[in-house]
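Student: Fold the stuff below for me.
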Amino acid sequence: MSLKKSPFFELRSGSVDTLIFVVKTTDLDALANELTRRFEATPEFFAGDVVAIDLRRLAENERVPLADIAKLLDSVRMRPVGIVADAAQHAWAADAGLPFLEARDRRAGTSKGAGEDTASAAPAAVPQVQQSEQPAETIPPAAAPQSESAARPVAPSQTLVIDKPLRSGQQIYAKGDLVVLGLVSYGAEVIAEGNIHIYAPLRGRALAGVHGNHDARIFCTCLEPELISIAGIYRTTENPLPADVLGKAVQIRLEQEKLMIEPLRLT
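Tutor: Alright, predicted model coming up:
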């Protein structure tokens, strides 16, 4: 029987969505302390999410023990699945035993601009990564709740409208813009490749521009989030929101790599 027609499995090329963990230092103690500081109070944010370790920000002569970094990520419940590296880094990075992945993120420059609020640029939210070898077919983590018909490619400009409240544990993914007309409860998650509009309280997580769209924005009539993110730049409740935006109507955008949270004038 031809392997192509085997009823037992399929092996074909494809792509999966994953987080990117960008390593910027060789100081493992500092890295461990920062991971603990950010996630010990909110370990559920990336619990069970797969992550690729990106080494491209390291200097040419810098190396890191990838096995130790994998253990650090596992300690905050993230699951390393591969490495993103420059060709010159492949020789030493191969010792970790993880496959090399090709990242297709479109991140802007690293210069910092003045802004109203501090943001975190740790794991970038679900940029597309393709394995360099043929992978088995995998359901992207962000797309898991979709039906078979919803998983088919659609035009990036298509808008998805959700007119019911989202309960804890529910997740919505939009290929284009996402409009939510009901409450996004604690533990719920809304994700879009474009903009997110929420005409109700946002108490869960909202991630816009997840494939590296730095022009994406989040609009919300009542901001009380667990996490907000645009193009992988995120902020959690660990960093309290100012009184002039907490519980208020706001827009959230990126300026350079800093989240700007600005009141919306609705009258």
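Student: what's the helix or strand for residue 71?
Tutor: Here residue 71, judged by DSSP states H and E, is contained in helix 66-75.
Student: buried sites along that helix?
Tutor: Using 16 or more other CB atoms under 10 Å as the test for burial, helix 66-75 gives 66, 69, 70, 72, 73. To be clear about C-beta, it is placed using only N, CA and C from the backbone, and glycine gets the same treatment.
Student: and what of stretch 93-101?
Tutor: 93, 96, 98, 100, 101.
Student: So of the residues you listed, which two are at opposite extremes in space?
Tutor: Greatest spatial distance among the buried residues of stretch 93-101 (CB to CB): 96 and 101, at 12.5 Å.
Student: Quickly list what's touching both of the two.
Tutor: Residues touching both residue 96 and residue 101 (CB atoms under 8 Å, 6 or more residues apart in numbering): residue 83.
Student: Could you list the low-pLDDT ranges of the stretch 151-267 of the chain?
Tutor: For the stretch 151-267 of the chain, residues meeting the criterion pLDDT under 70 lie at 151-157, 267.
Student: Share the number of residues neighbouring residue 263, please.
Tutor: Using other CB atoms under 10 Å, residue 263 has 13 other residues around it.
Student: hang on, isn't it packed against residue 249?
Tutor: Yes. Here residue 263 reaches residue 249: they are 6.9 Å apart, a contact under CB atoms under 8 Å.
Student: can you map out the strands along the stretch 51-200 of the chain?
Tutor: Here the stretch 51-200 of the chain has its strands, by DSSP state E, counting those that start in this stretch, at 79-84, 101-103, 128-131, 159-162, 171-174, 177-180, 189-192, 196-202.
Student: report the longest helix in the protein, please.
Tutor: helix 28-39 (DSSP state H).
Student: Using PDB, list the CA coordinates for that helix.
Tutor: Output in PDB follows, covering the C-alpha atoms of helix 28-39 (Å, rounded to 0.1, in the frame of the first residue of the first chain):
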ATOM      1  CA  LEU A  28      21.000  32.600  33.600                       C
ATOM      2  CA  ASP A  29      20.500  33.800  37.200                       C
ATOM      3  CA  ALA A  30      19.100  37.100  35.900                       C
ATOM      4  CA  LEU A  31      16.900  35.300  33.400                       C
ATOM      5  CA  ALA A  32      15.600  32.900  36.100                       C
ATOM      6  CA  ASN A  33      14.900  35.800  38.500                       C
ATOM      7  CA  GLU A  34      13.000  37.800  35.800                       C
ATOM      8  CA  LEU A  35      10.900  34.700  34.700                       C
ATOM      9  CA  THR A  36      10.000  34.100  38.300                       C
ATOM     10  CA  ARG A  37       9.100  37.700  39.000                       C
ATOM     11  CA  ARG A  38       6.900  38.000  35.900                       C
ATOM     12  CA  PHE A  39       5.000  34.700  36.200                       C
END
